[in-house]
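# No letters, just coordinates:
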């Protein structure tokens, strides 16, 4: 049940105004009207009047514009409701405890009154508990009726078609304070979504039309999309029940009416105001409910329930557009259902039933009300054409200018809210687009790779080079980001490069904002790794793609953990091979510091080990790799032979089979690659090997380069599968010699560890370990 708000529609401090109207008696009923609620129905040229008794008087128009009785319909019990049927001259009549009857009147006027007894066999529905009904569909011979019956302690809402029950549901009765007569009579109507017809059209009695937005808010999206009607029931306890008729064609469906609102007093009228703009419910004690739509900042259009109180009790009422006419038995009053209006008395008393008719007149339309008085007179109340009755209910002229200003200000506010809403919708669409892009890129980079699958569509590669920065030699890493995905990396994405030393725990992170990287394009950034003085190799470089959530939500300082999304790309290793500076005869070194050092060394100015060429006291390390393994990786020896091809692969640039270079510390190193036949294996050509030699006066340089070469050979072994044939296998005797040498080296290592474990000195152990290491460097095992 919806909540409502009180509304000060009536002008503050205003008293009831009055207006002149003409009243003409059309016919007399001959007796006073019963205290029970009478019924009045005008259709075509006939008027049907039920005084709350067994008879229904049928009046027809005469040339003098007066009404005369054409027929009297007599039933077995009191008539409680009249409604038109689909056929011409046909009506539905609800009798107390006798069900619903369908009556056909003679087509032509009768000069003398005719008494037409209606037998009980004329009843189309014989349910004795029916208190109210409404015609849902008006197709001839296919009419669908909705009824409301009182059965014990429940109100039962049923749907019939040709006397066949299609649906039934019940709600509990609020306990009455007395017998059944004190419950009062319910009211019913059928509500349809408006189809855009003119507001002034004449709708069938009991049928209302609401604008589609309000209809959807009140009865649901399904009813609005299917444009199916909904039944409204006003119970005597004030509850307003609604039941959309979407697909209700079987009594097996467990659907119950819902409570739309409660006026907490019996209802007299259900209608619409301002055409289909609002739903109106009028209570017997003077409470009026108006249901319209209003704008909400967060939800757009929402329903708005407003209540006001008028002077009661209300005996009967009818609606003309946005104007309400109601009778308090003591007076007939009209009220414009807009804020700031005052009730207008029409100075007509003792009206107990009302019906609205339209009489086109020159220059406008004259509103005519058909009224039934308690004294038994059928009257026509004509309201003044133009503005006499309407102007008396308008605002004072002093407030008209302010009202116009308020309306203009309201229009401006609506425009501002609409612009803000449009901007908000645009921003949300952009946010959704960015989030969708982030999810797609994350799916590409985080999904597990299958065996044999190509590389990720977004990758990062690195190449090192030496450059001069602030008159110091520095090793730079050129990171190239390649985008082979179908997505554009827009502002908000950034490339994060984290440089971490293997021997140190500290790490340095560099972030580079991407402007716009289209699919199939690449971009490069330069990352400083360190100067020649403080460079510590090897280094691990972790690259990742970062998306800042600030591009979506704005500032994310409140929750830094959710400030960005990180997607790992590639991990690079910068070792001693990447830090070498080759000596080229054509261009001997690339930096000014290197040229100065060479000049000083040539003149004998420098001292110490730094910059000295390897000599008799230098350190040396060697590594033997199977020629077959290297040939499968390098795709052939090339022009300079297999040795030159191996060094070219290790250094990443074309070099001969023997090169001279300088390490970051400035020491000179010699690298050589020669094809040899292993002494510990068969002399078969298949077991030919390439010996990689490293020589330098710096032990740190030899160890670092040796480790770098071993790491790359290990990567080579993990990435290449060498097919071995039986004819290419080494001889058994050669394998036995290799195993004996490995066992001897293992025993030497074990003996070097024993003195340390027994608490002896470490000098002897260090010497033995150094001897084993020298044997491995001078006569290395063959990597196959």
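Great, that's in hand. Everything numeric here is computed off the predicted structure, so don't read it as measured data.
# Can you check what pLDDT the model gives residue 643?
Residue 643 carries a pLDDT value of 85.
# Are we agreed that it is in a strand?
No: looking at residue 643 with DSSP: H, G, I helix; E, B strand; the rest coil, it is helix, so not inside a strand.
# show me the contacts for it.
Residue 643 makes contact with 657, 658, 672, 673, 674, 675, 690, according to Cβ atoms under 8 Å, 6 or more residues apart in numbering. (Glycine included, C-beta is placed from N, CA and C.)
# Swap in 7 Å and give it another go.
Shown in contact with residue 643 (Cβ atoms under 7 Å, 6 or more residues apart in numbering): 657, 673, 674, 675, 690.
# Which parts of the helix or strand where the third one lies count as buried, going by neighbours?
Taking DSSP states H and E as the definition, residue 674 sits inside strand 668-676. Taking 16 or more other Cβ atoms under 10 Å as the neighbour-count basis, strand 668-676 is seen to contain the buried residues 668, 669, 670, 671, 672, 673, 674, 675.
# Which one among the residues you listed sits at the bottom for pLDDT?
Lowest in pLDDT among the buried residues of strand 668-676 is residue 675, which has 84.
# Would you mind putting the buried residues of strand 668-676 into CSV with distance to residue 155 alongside?
Below are these laid out as CSV (distance: Cβ to Cβ, whole Å):
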residue, distance to residue 155
668, 106
669, 101
670, 106
671, 100
672, 105
673, 101
674, 106
675, 105
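# Residue ranges of each domain in this protein, please.
For the chain, the structural domains run 38-120, 458-554+562-574, 605-722, 734-784, going by automatic domain parsing.
# Let me have these in TSV, extended by distance to residue 313.
Output for the domains of the chain, formatted as TSV (distance: least, Cβ to Cβ, whole Å):
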stretch	distance to residue 313
domain 38-120	16
domain 458-554+562-574	59
domain 605-722	96
domain 734-784	108
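# Which of these has the lowest mean pLDDT?
Lowest mean pLDDT of those: domain 734-784, a mean of 67.
# quick check: mean pLDDT across stretch 430-438?
89.
# can you check stretch 355-371 too?
Mean predicted confidence for stretch 355-371 is 67.
# now do the same end-to-end measure for it.
7 Å (Cα to Cα, to the nearest Å).
# start at 392 instead
Got it, the first residue is 392 from now on, which makes the last one we talked about stretch 746-762.
# what's the helix or strand in which residue 864 is found packed up against?
Residue 864 belongs to strand 863-874 when assigned by DSSP H and E. Contact here means 3 or more Cβ pairs under 7 Å, 6 or more residues apart in numbering; DSSP states H and E; on that basis strand 863-874 packs against strand 849-860, strand 913-922.
# Identify the residues contacting the shortest one?
Same thing as strand 913-922. So strand 913-922 is contacted by 860, 863-874, 886, 888, 890, 901, 903, 905, 908, 926, 930, 965 (Cβ under 7 Å, 6+ apart).
# Neighbouring strands - and their directions - for that strand?
strand 863-874 (antiparallel) (DSSP bridges).
# quick one: the strand it pairs with to strand 849-860, angle?
160 degrees (axes from the mean of the first three to the mean of the last three Cα atoms, to 10 degrees).
# in strand 863-874, what's buried?
So strand 863-874, judged by 16+ other Cβ under 10 Å, has buried residues 864, 865, 866, 867, 868, 870, 872, 873, 874.
# Return the mean pLDDT over stretch 607-614, rounded to an integer.
87.
# Run through who's touching it.
Stretch 607-614 has contacts (Cβ under 7 Å, 6+ apart) with 615, 621, 633, 635, 637, 651, 684, 692, 693, 694.
# which ones are touching the residue nearest to the fifth one when sequence neighbours are not counted?
The spatial neighbour of residue 637 that comes closest, neighbours along the chain excluded (Cβ to Cβ, 6 or more residues apart in numbering), is residue 619 at 4.8 Å. For residue 619, the contact set (Cβ under 7 Å, 6+ apart) comprises 635, 636, 637.
# Torsion angles phi and psi at residue 619?
phi -90, psi 150 (degrees, to the nearest 10).
# how near is it to residue 898?
According to Cβ to Cβ, to the nearest Å, residue 619 stands 67 Å off from residue 898.
# Skipping adjacent residues, who's closest to residue 558 in space?
Of all residues not flanking residue 558 in the chain, residue 550 sits nearest, at 4.1 Å (Cβ to Cβ, 6+ apart).
# could you say which helix or strand contains residue 1140?
Here residue 1140 is covered by helix 1123-1148, with elements defined by DSSP H and E.
# hmm, I was thinking of residue 1094
Residue 1094 belongs to helix 1090-1110 when assigned by DSSP H and E.
# repeat for residue 540
strand 535-542.
# quick one: strands adjacent to that strand?
As defined by DSSP bridges, the strand partners of strand 535-542 come to strand 521-528 (antiparallel), strand 545-552 (antiparallel).
# Distance to residue 1025 for these - can I get that in TSV?
Listed next are the strands paired with strand 535-542 as TSV, based on distance: least, Cβ to Cβ, whole Å:
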stretch	distance to residue 1025
strand 521-528	88
strand 545-552	87
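# just these: most buried one?
Most buried of the strands paired with strand 535-542, by mean neighbour count (mean count of other Cβ atoms under 10 Å): strand 521-528, with a mean of 22.
# quick one on the thing from earlier: out of the contacts of residue 619, flag the one nearest to residue 733.
The closest of the contacts of residue 619 to residue 733 turns out to be residue 635 (Cβ to Cβ; 37.5 Å).
# neighbours of that closest one, just the number please.
Residue 635 has 22 neighbouring residues, counting by other Cβ atoms under 10 Å.
# same thing with residue 959?
14.
# Please apply the same query to the one 10 residues further on.
Around residue 969 sit 22 other residues, with neighbours defined as other Cβ under 10 Å.
# now residue 940
18.
# from what I can see it touches residue 954, true?
Yes: counting by Cβ atoms under 7 Å, residue 954 is a contact partner of residue 940 at 5.7 Å.
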